[in-house]
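**Student:** coordinates only, sequence not included:
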């Protein structure tokens, strides 16, 4: 839904929306639906040291790099957040995100709790964080096996990791239990629209109100 009828000529600062969950809980599927239906938000492209998978394209799916170059970006404070996940490093380049926020564009992040903690430390006012939970343990396991992307050994490792990941749910602004995909997507969309109208994100609102008070 466009906010133009509500905001008129008022500008707003963009926001960073984080979706986190254990593997298989549904954050990637929800992210894809959100990106497909809302042209006002774009996915943050992470830099990573892992090798490309399948048809992944450098610069579109990820920015692929080597560990030395990644560490240089960390040392130069060029990353908003970074973490080591399953033996590989991932991070968010600072420049493109800050440019998007200044221009009033929203940025979607598909990152874990470690990255979310760092974003909260570096840019809390711009952050909206949502944790996605599975309806139960058996369903989480079923989803991991049904997508047929990982070996049984990898799935067992992800299931073991899920317990630790879920322990961080209370650090997030919102929590959604993904029992039904359509309902979960609708909930994320509602959160996004509400957060876009937060007073602190509306640029020029103070002058607008002063104009009203002056009879403009």
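**Tutor:** It's in. Small disclaimer: the values here were computed from a predicted structure and weren't measured.
**Student:** burial of residue 123, as a residue count?
**Tutor:** 17 (other CB atoms under 10 Å). In short, each C-beta sits where N, CA and C put it, glycine included.
**Student:** surely it is within a helix?
**Tutor:** Yes: assessed with DSSP: H, G, I helix; E, B strand; the rest coil, residue 123 lies in a helix.
**Student:** quick one: the strands in this protein?
**Tutor:** Assigned by DSSP state E, the strands in the chain fall at 11-12, 16-20, 41-43, 47-48, 63-64, 79-85, 88-93, 106-110, 127-133, 174-177, 202-203.
**Student:** tabulate those strands (TSV), appending distance to residue 151 and mean pLDDT.
**Tutor:** Shown next, in TSV, are the strands of the chain (distance: least, CB to CB, whole Å; pLDDT from 0 to 100):
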stretch	distance to residue 151	mean pLDDT
strand 11-12	45	94
strand 16-20	24	97
strand 41-43	27	96
strand 47-48	20	96
strand 63-64	22	96
strand 79-85	17	90
strand 88-93	16	93
strand 106-110	22	94
strand 127-133	24	96
strand 174-177	28	97
strand 202-203	49	94
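**Student:** gap between the residue nearest the centre of the chain and residue 215?
**Tutor:** Nearest to the mean C-alpha position of the chain, counting by CA atoms, centre = their mean, stands residue 109 at 2.1 Å. Separation of residue 109 from residue 215 (CB to CB, to the nearest Å): 44 Å.
**Student:** and if you look at residue 104?
**Tutor:** Counting by CB to CB - residue 104 and residue 215 are separated by 29 Å.
**Student:** what are the buried residues along the least confident helix or strand in the chain by mean pLDDT?
**Tutor:** Across the helices and strands of the chain, mean confidence by mean pLDDT, DSSP states H and E is lowest for helix 137-146: a mean of 74. For helix 137-146, a neighbour-count test (16 or more other CB atoms under 10 Å) marks 140-141, 143-144 as buried.
**Student:** contacting residues around residue 43?
**Tutor:** 31, 35, 107-108, 110 (CB atoms under 8 Å, 6 or more residues apart in numbering).
**Student:** now with 6 Å?
**Tutor:** The contact partners of residue 43, by CB atoms under 6 Å, 6 or more residues apart in numbering, come to 35, 108.
**Student:** just want the angle from the least confident helix or strand of the chain to strand 127-133.
**Tutor:** For helix 137-146 against strand 127-133, the angle by axes from the mean of the first three to the mean of the last three CA atoms, to 10 degrees is 100 degrees.
**Student:** most packed of the strands of the chain?
**Tutor:** When you average the neighbours per residue for each of those (mean count of other CB atoms under 10 Å), strand 16-20 leads with a mean of 24.
**Student:** and that one, what other elements does it pack with?
**Tutor:** Where contact means 3 or more CB pairs under 6 Å, 6 or more residues apart in numbering; DSSP states H and E, strand 16-20 is packed against strand 106-110, helix 113-123, strand 127-133.
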